[in-house]
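Undergrad: structure of the sequence below:
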Amino acid sequence: MERLHALAWDAGPTLGCLPNQPFPPLTAAEIEHAEQQLGYRLPPLLRRIYTEIGDGGFGPESGLASLKPRRVPQWHEPDWPCATTWRTRWPEWGPPASWLFLTRGGCNMQWYVSLLAVDHPVLLWDADGWEPEWGEDPHDGLRYAAPSLRHWLWTWVGGGNVWDEPLENSQTL
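TA: The predicted model follows:
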């Protein structure tokens, strides 16, 4: 956690895709409120990250989504991605409520974590990875990305590329 904290808070200026620093950590009551909104408890690792490090705005790819709606004044979009409201942006797909949005992966890709599966695997959804004309549905764009949230985050913390596993592993769910 110390290394993750250092990466989050000591990163220096960003290139515009992340806030200048993480959002402030949440209280236990704020975490409980988010869990009530989601209908699921967060994995213990995410609870620690959101209460000890910050409410998103740092991490792999475009930075972890917040659990509270946030605004970034200098950012090009009006709102920072919020995991508790994200699914309302994709009504045509409707990811299961037990999948928590983590971050965007660029273009039309999104990273999720399973809130129910053992070890909380990370999933990558490609909005362009399925063809309705071929009888596919949005779930055909879903790929297994990492065996656990811990593995996915620690890949990033260790300087690795979180894309390596999903690109090597073409297994759909």
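Undergrad: let me see the contact set for the closest residue to Asn108 other than its chain neighbours.
TA: Excluding its sequence neighbours, the residue lying closest to Asn108 (CB to CB, 6 or more residues apart in numbering) is Ala127, at 3.5 Å. For glycine as for every other residue, the C-beta is placed from the backbone atoms N, C-alpha and C. Neighbouring residues of Ala127 by CB atoms under 8 Å, 6 or more residues apart in numbering: 93, 108-110, 138, 141.
Undergrad: who touches the lengthiest helix in the chain?
TA: When the chain is parsed with DSSP state H, its longest helix is helix 28-38. Contact with helix 28-38 is made by 26, 41-42, 47, 50-51, 55, 67-68, 83-84, 97, 100, 115, as judged by CB under 8 Å, 6+ apart.
Undergrad: can you give me the buried ones in it?
TA: The neighbour-count check on helix 28-38 (16 or more other CB atoms under 10 Å) flags 31, 34-35, 38 as buried.
Undergrad: what is the mean pLDDT for the following helix or strand past it?
TA: Downstream of helix 28-38, the next assigned helix or strand under DSSP states H and E is helix 44-48. Regarding helix 44-48, the rounded mean pLDDT is 96.
Undergrad: what angle do the helix or strand following helix 44-48 and helix 28-38 make?
TA: Note on helix 44-48: by DSSP H and E, the next helix or strand toward the C-terminus is strand 99-104. Angle between the axes of strand 99-104 and helix 28-38 is 110 degrees (criterion: axes from the mean of the first three to the mean of the last three CA atoms, to 10 degrees).
Undergrad: in the chain, what helix or strand scores lowest on average pLDDT?
TA: Within the chain, no helix or strand scores below helix 164-168, which has a mean of 78 by mean pLDDT, DSSP states H and E.
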